[in-house]
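> Show me the folded form of this:
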Amino acid sequence: MLAIAQSRSVESVLQQVVAGVAECSNVALVRIWLIGKGDICAVCRFSVECPSRERCLHLAASAGHPRSPGVDISRLDGAFRRFPLGVRKIGQIAKTGQPLLISDVTPEQPWVAESGWIAAEGVQTFAGHPLVFRGEILGVLGVFDRGQFDDEDFAWLRTFADHAAVAIANARAFEEIEALKRRLEQENDYLREEVTAALGSRELLGESAALRKVLHQVDLVAPTDAAVLVQGESGTGKELVARAIHQRSSRGERPLIKVNCGAIPENLFESEFFGHARGAFTGALKDKPGRFELADGGTLFLDEIGELPLAMQAKLLRVLQEQEVERVGETRLRKINVRIVAASNRNLQAEAEAGRFRQDLYYRLSVFPIELPPLRARREDIAPLAAHFVRLAARKMNRPPPRFTKAHAEQLAAHDWPGNVRELQNAVERAVILARGGPLTFELPGANRLEISERRSPAIENPSFITRAAWKQHERESIKMALQQSRGKVFGAGGAEELLGMKPTTLASRLKALGLSKTAGLPLTGQPVTLAQHSNR
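Model (predicted):
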């Protein structure tokens with residue numbers, strides 16, 4: 001009893017109980033059955049007598065002193081591995097919660113299922129006690145003995161059964177605490193990775209009509225548990241939409257677990273999604289819950305769902321329909337309660353029609369589809385997004401944020417941004433790095449710093465090419481116009497440098513090369529731009 005009290009696993013408690021009873025040499029067989037879910041009803045010996053196939057007794061531990069040589073008395077997969085509640089003596093004890101003592105057992109008695117075994121082992125007594133903890137019947141302790149039990153023996157067995165029930169309940173509690181602790185640690189590790197990977201932006205920024213439509217859809221679907229399919233080009237912010245749906249739902253306090261379906265090898269799909277038991281395959285050194293279990297009660301974000309192979313789509317569909325997962329290497333089904341938000345940069349409807357994506361899975365995922373517009377379709381959002389990313393990047397680099405001007409906004413709005421918000425964020429961060437505390441300069445693919453000024457200037461007569469002399473004249477006129485607009489201010493806020501989007505050193509050298517002074521439109525009289533003038537900025 002003292003040894004049992006120190007055990008913290010159910011398996012250890014059960015083995016110590018049956019081993020302790022089996023120390024009595026007259027014990028032919030001692031067994032413990034615990035109440036569990038009906039699972040092998042189709043092959044159960046007592047299936048015909050079973051009143052209900054929902055719950056039954058599962059053989060959990062066995063020991064004793066068999067007379068027949070070579071008999072493995074500890075086997076748990078024999079003919080009596082299950083007893084329906086209320087069926088035969090063992091089942092009656094579990095159903096009624098009443099102990100049972102039969103002191104004159106004979107092979108001819110009608111309740112005896114194996115008369116040959118009773119005769120061969122010389123069993124004279126059967127004693128059974130329910131394992132009861134706080135009014136709940138956990139199972140049955142049954143003893144087949146070659147001697148005769150008196151009232152004192154039966155009472156001691158009851159004491160032992162009560163102590164075993166408490167130990168089993170405590171061990172289950174310890175196991176549940178350990179499982180919750182491991183799960184919490186795994187969730188914390190996962191969330192820490194998410195926070196580390198994030199740049200701090202968890203908001204959908206913008207005032208465009210296209211974005212307002214998306215936000216309206218998010219507000220509509222977030223309070224429900226409906227599956228959501230977010231589609232859009234890469235870099236449009238599909239994960240942010242998924243996070244907004246999760247945070248505005250009743251599951252917001254539970255985890256949002258992300259899975260990149262395109263990054264999981266096919267041979268690891270089941271382990272990553274559904275988990276695995278220790279020893280299920282080489283390298284499985286401990287039990288590991290899958291992403292579905294980690295997201296239980298919360299939201300599972302299936303990113304790039306269109307990259308999932310067809311064979312894996314069938315397995316995913318079954319879990320979504322049944323809301324049950326089975327770890328690799330286990331036969332136990334675990335109920336889950338998970339909301340699904342999927343995302344893809346493909347047209348999944350077209351993929352399903354072409355046979356590259358399961359139609360039934362597509363309909364399961366697209367209960368509420370949301371289409372994210374590309375950044376070029378909402379250019380009015382580019383400036384506020386860029387200004388936000390400037391502040392974010394500066395804070396990340398522990399620098400004061402550079403000034404983001406109207407000229408910058410116009411330059412960025414003129415770009416098509418094929419990489420969408422992700423490309424914009426990277427371009428802004430690169431510009432902040434290069435600024436080193438000075439003004440921002442955006443070097444965009446295929447763009448020129450004078451592009452904005454050129455768009456404001458009169459059209460060139462021959463758009464196919466331009467001579468060097470004409471180019472210099474066009475540059476001279478562009479700079480003169482900027483000087484006129486800035487009223488002779490070369491550097492600083494509102495100066496020609498800012499209007500042209502040029503670096504201060506570049507503008508100073510071009511003024512010198514073109515023979516221009518800071519006085520709008522007046523040529524230099526042999527005097528170059530001085531360092532004092534340059535320092536006016």
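
> Please give me every residue in contact with the nearest residue to R75 once chain neighbours are set aside.
The shortest distance from R75 to any residue other than its chain neighbours is 6.8 Å, reached at S62 (C-beta to C-beta, 6 or more residues apart in numbering). The C-beta positions use only the backbone N, C-alpha and C, and glycine is treated the same way. Residues in contact with S62 (C-beta atoms under 8 Å, 6 or more residues apart in numbering) are 18, 29-32, 73-76.

> ChimeraX command for the buried members of those?
One line in ChimeraX is enough to select the buried members of the contacts of S62, burial here meaning 16 or more other C-beta atoms under 10 Å:
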select :18,29,30,31,32,73
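
> Tell me which of the contacts of S62 fall in helices.
V18 (DSSP state H).

> Next step: the contacts of S62 restricted to strands.
29-32 (DSSP state E).

> And stretch 43-62, end to end?
Stretch 43-62 has an end-to-end distance of 21 Å (criterion: C-alpha to C-alpha, to the nearest Å).

> Name the helix or strand for A161, please.
Using DSSP states H and E, A161 sits within helix 151-197.

> okay, and for the chain, where does confidence drop off?
189, 191-203, 446-466, 493, 518-537 (pLDDT under 70).

> Swap in 80 and give it another go.
1-8, 68-70, 185, 187-204, 437, 445-475, 482, 484-537 (pLDDT under 80).

> Following the record's annotation, map out the domains of it.
Using automatic domain parsing, the domain parsing of the chain gives 2-173, 198-373, 379-534.

> count of residues packed around the closest residue to G437 other than its chain neighbours?
Closest residue in space to G437, ignoring its immediate chain neighbours: R399 at 6.4 Å, by C-beta to C-beta, 6+ apart. Applying other C-beta atoms under 10 Å, we find 14 residues neighbouring R399.

> where does R399 fall, phi/psi-wise?
Backbone geometry at R399, expressed as degrees, to the nearest 10, gives phi -130, psi 160.

> which residues of the stretch 251-400 of the chain fall in helices?
Using DSSP state H, counting those that start in this stretch, the helices of the stretch 251-400 of the chain run over 269-274, 291-294, 310-322, 348-353, 359-365, 382-396.

> In TSV: the ones you listed, plus mean neighbour count.
TSV is the format used below for these (neighbours: other C-beta atoms under 10 Å):
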stretch	mean neighbour count
helix 269-274	20
helix 291-294	21
helix 310-322	15
helix 348-353	16
helix 359-365	18
helix 382-396	18
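
> Which among those is found nearest to L229?
Closest to L229 of those is helix 359-365 (C-beta to C-beta; 4.9 Å).

> and the closest one, what other elements does it pack with?
Under the contact criterion of 3 or more C-beta pairs under 8 Å, 6 or more residues apart in numbering; DSSP states H and E, helix 359-365 touches helix 310-322, helix 348-353.

> pull the CA atoms of it into PDB?
Coordinates of each C-alpha in helix 359-365 appear next as PDB, following Å, rounded to 0.1, in the frame of the first residue of the first chain:
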ATOM      1  CA  GLN A 359     -13.600  19.100 -54.300                       C
ATOM      2  CA  ASP A 360     -15.000  17.800 -51.000                       C
ATOM      3  CA  LEU A 361     -12.100  19.300 -49.100                       C
ATOM      4  CA  TYR A 362     -12.500  22.600 -51.000                       C
ATOM      5  CA  TYR A 363     -16.200  22.800 -50.000                       C
ATOM      6  CA  ARG A 364     -15.400  21.900 -46.400                       C
ATOM      7  CA  LEU A 365     -12.800  24.700 -46.200                       C
END
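
> which residues sit against that helix?
Applying C-beta under 8 Å, 6+ apart, the contact partners of helix 359-365 are 227, 229, 302, 305, 313, 316-317, 320-321, 340, 342, 348-349, 351-353.

> just how off-centre is that helix within its chain?
Mean-position distance between helix 359-365 and its chain equals 20 Å (C-alpha atoms, centre = their mean, to the nearest Å).

> now swap in stretch 66-75 and tell me
48 Å.

> quick one on the thing from earlier: with distance to N188 as new columns, can the domains of the chain be given to me in JSON lines?
Converted to JSON lines, these look like this (distance: least, C-beta to C-beta, whole Å):
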{"stretch": "domain 2-173", "distance to N188": "22"}
{"stretch": "domain 198-373", "distance to N188": "10"}
{"stretch": "domain 379-534", "distance to N188": "23"}
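
> So for stretch 148-163, what gets flagged as buried?
By neighbour count on 16+ other C-beta under 10 Å, the buried set for stretch 148-163 is 149, 153-154, 157-158, 160-163.

> Tell me who's in contact with the most centrally placed residue in the chain.
Residue closest to the mean C-alpha point of the chain, counted by C-alpha atoms, centre = their mean, is I257 at 1.9 Å. By C-beta under 8 Å, 6+ apart, the contact set of I257 is 190, 291, 294-295, 298-301.

> buried subset of these?
Neighbour counting with 16+ other C-beta under 10 Å marks 190, 291, 294-295, 298-301 as buried within the contacts of I257.

> Nearest to S9 among these?
Of all these, S9 sits closest to L294, with 23.4 Å by C-beta to C-beta.

> Apart from its chain neighbours, what residue comes closest to that closest one?
Nearest non-adjacent residue to L294, counting by C-beta to C-beta, 6+ apart: I257, 5.0 Å away.

> Looking at strand pairing, list the partners for the one you found.
According to DSSP bridges, the residues that bridge with I257 are L300.

> Any figure for the gap between it and L268?
Distance check for I257 against L268: by C-beta to C-beta, to the nearest Å, it reads 16 Å.

> Is G116 in contact with P107, as I believe?
Yes: between G116 and P107 there is a contact at 7.3 Å, judged by C-beta atoms under 8 Å.

> Comparing those two, which residue is more hemmed in?
Using other C-beta under 10 Å as the criterion, G116 and P107 rank with P107 on top: 13 against 9.

> Quick one: residues contacting that one.
115-116, 118-119.

> again with A60
Each residue near A60 by C-beta under 8 Å, 6+ apart is listed here: 10, 14, 32-34, 76, 139.

> which stretches of the stretch 351-500 of the chain form strands?
Counting by DSSP state E, counting those that start in this stretch, residue ranges of the strands within the stretch 351-500 of the chain are 368-371.

> Not counting sequence-adjacent ones, nearest residue to I245?
If the residues on either side of it in the chain are set aside, I245 comes closest to A222, at 4.9 Å by C-beta to C-beta, 6+ apart.

> Give me the neighbour count for the one you found.
Burial of A222 is recorded as 18 neighbouring residues (other C-beta under 10 Å).

> Please name the residues that touch it.
Per C-beta under 8 Å, 6+ apart, neighbours of A222: 244-246, 248-249.

> can we see that at 10 Å?
228, 244-252 (C-beta atoms under 10 Å, 6 or more residues apart in numbering).

> same question, I118
Listed by C-beta under 10 Å, 6+ apart, the contact set of I118 reads 28, 105-109, 112, 124, 126, 144.

> now swap in L348 and tell me
Counting by C-beta under 10 Å, 6+ apart, L348 has contacts 229, 231, 305-306, 342, 356-359, 361-362, 365-366, 369.

> Return the members of the residues you listed classed as buried.
Buried members of the contacts of L348, counted by 16+ other C-beta under 10 Å: 229, 231, 305-306, 342, 357-358, 361-362, 365-366, 369.
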